[in-house]
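1. Here is my input; please provide its structure:
(one chain, ligands or ions: 4)
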Amino acid sequence: MSLAQGAPLLSRLSVRDLQTEADRAAQRCIISSLNKCFPKITIIGEEGEDETTVASGSIFDPSTTSLVDVTCPPHLSSMAEEEVVVWVDPLDGTAEYTQGLLDHVTVLIGIASGGKAIGGIIHQPYYNYQNPGSDLGRTIWGIVGGEVGGMKILPPPEGKLIVTTTRSHSSSTVNDAISAVSPDEVLRVGGAGHKVMLLLEGKAHLYVFASPGCKKWDTCAPQAILEAAGGILTDIQGNAIPYDASAPHRNSTGVLASAAGQEHGVYLEKIPQHVKDNLKA
Ligand SMILES: Nc1ncnc2c1ncn2[C@@H]1O[C@H](COP(=O)(O)O)[C@@H](O)[C@H]1OP(=O)(O)O
Ligand SMILES: [Mg+2]
Ligand SMILES: [Mg+2]
Ligand SMILES: [Mg+2]
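-> Ligands and ions are numbered 1, 2, ... in the order given. Take a look at the predicted model:
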């Protein structure tokens, strides 16, 4: 089914946390398909486990895609299937999706091993939806220590600082962290996947989110692609985010991500102590 078909069937998990039939159907499709091809991996999806046992009807076969032609970096080539943890966000940017901001929506599949993000896919189903005649949708992927594909990586403009952050989960702590880095421009857009894509496309230098709202399925795929492209994603204290299967789902200490070539450590030092203290693990 298309994502748009799910829009009317909206559930409300909390005032700030929505779920649509599109979230549930996309997760059923992705997890059924991955389970079929890779029965020994651990898959953790945003929308819970009970939804994943029933196949949605459309199952994809990864062996038919061009990704199988990609050379695996040597440090990953001997990994056992059992070591792999896949974090699935079937629809990132649900709030924006329900409001018709379709280009903020992404599908995130993050691959981890040894607690680290090692690979990721960001699918942006509605890319170009406002440009009739252009190809609709795009899929970006990356392997840490290997290649990035599906888009041209561009550097952000020099001589200014553009920060991207949440548009639907703001707070005074979120805003204090942004002010502290003195941005020239702030892009408030939806979705963790979409914001990291702005870093990859050279439209923003930094992604600042001093809030516990993001989860591992929001950051695993974007982090892997960003790192493959030379960028950095940590929590707001500068610590690595753990992606092993027993890690808490919530990124309780926030997110700071920087495009390739940016001084991640310098921006971390600018985040005020009261913001860091508000986001204790
Ligand atoms: N307070 C929150 N409650 C639930 N999900 C959140 C919250 N804050 C962030 N998220 C998730 O992180 C993503 C990025 O946040 P934001 O767009 O606010 O920057 C959101 O699209 C949402 O993912 P999802 O849409 O998959 O539920
Ligand atoms: Mg959600
Ligand atoms: Mg999400
Ligand atoms: Mg989601």
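
2. Not counting its neighbours along the chain, what's nearest E83?
-> S113 (4.9 Å; CB to CB, 6 or more residues apart in numbering). Placement of C-beta: from N, CA and C, glycine included.

3. thought that neighbour was touching V85?
-> Yes - with contact defined as CB atoms under 8 Å, S113 counts as touching V85 (7.1 Å).

4. ok so, going back, do you know how far the residue nearest to E83 is from ligand 3?
-> 21 Å (CB to the ion, to the nearest Å).

5. What about that residue, how many residues nearby?
-> By other CB atoms under 10 Å, 18 other residues sit near S113.

6. check contacts around it.
-> 76, 79, 83-85 (CB atoms under 8 Å, 6 or more residues apart in numbering).

7. So in this structure, where's the weakest helix or strand by average pLDDT?
-> Taking mean pLDDT, DSSP states H and E as the measure, strand 10-14 is the helix or strand of the chain with the lowest mean score, a mean of 64.

8. Identify each buried residue in the helix or strand that that strand is followed by, please.
-> Later in the chain than strand 10-14, the nearest helix or strand by DSSP states H and E is strand 17-20. For strand 17-20, burial by neighbour count (16 or more other CB atoms under 10 Å) applies to 18-20.

9. With stretch 21-39 instead?
-> The neighbour-count check on stretch 21-39 (16+ other CB under 10 Å) flags 21-35 as buried.

10. does any part of that stretch sit near ligand 1?
-> No - shown here: stretch 21-39 not in contact with ligand 1 (CB under 6 Å from any ligand atom), separated by at least 7.3 Å.

11. Can you report the mean pLDDT over the residues of that stretch?
-> The average pLDDT within stretch 21-39 is 90.

12. Give me the phi and psi angles of H123.
-> Main-chain torsions, H123, degrees, to the nearest 10: phi -100, psi 130.

13. Excluding chain neighbours, what is closest to it?
-> H123 sits nearest to V107 (CB to CB, 6+ apart), 4.2 Å away.

14. The one you found in helix, strand or coil?
-> strand (DSSP: H, G, I helix; E, B strand; the rest coil).
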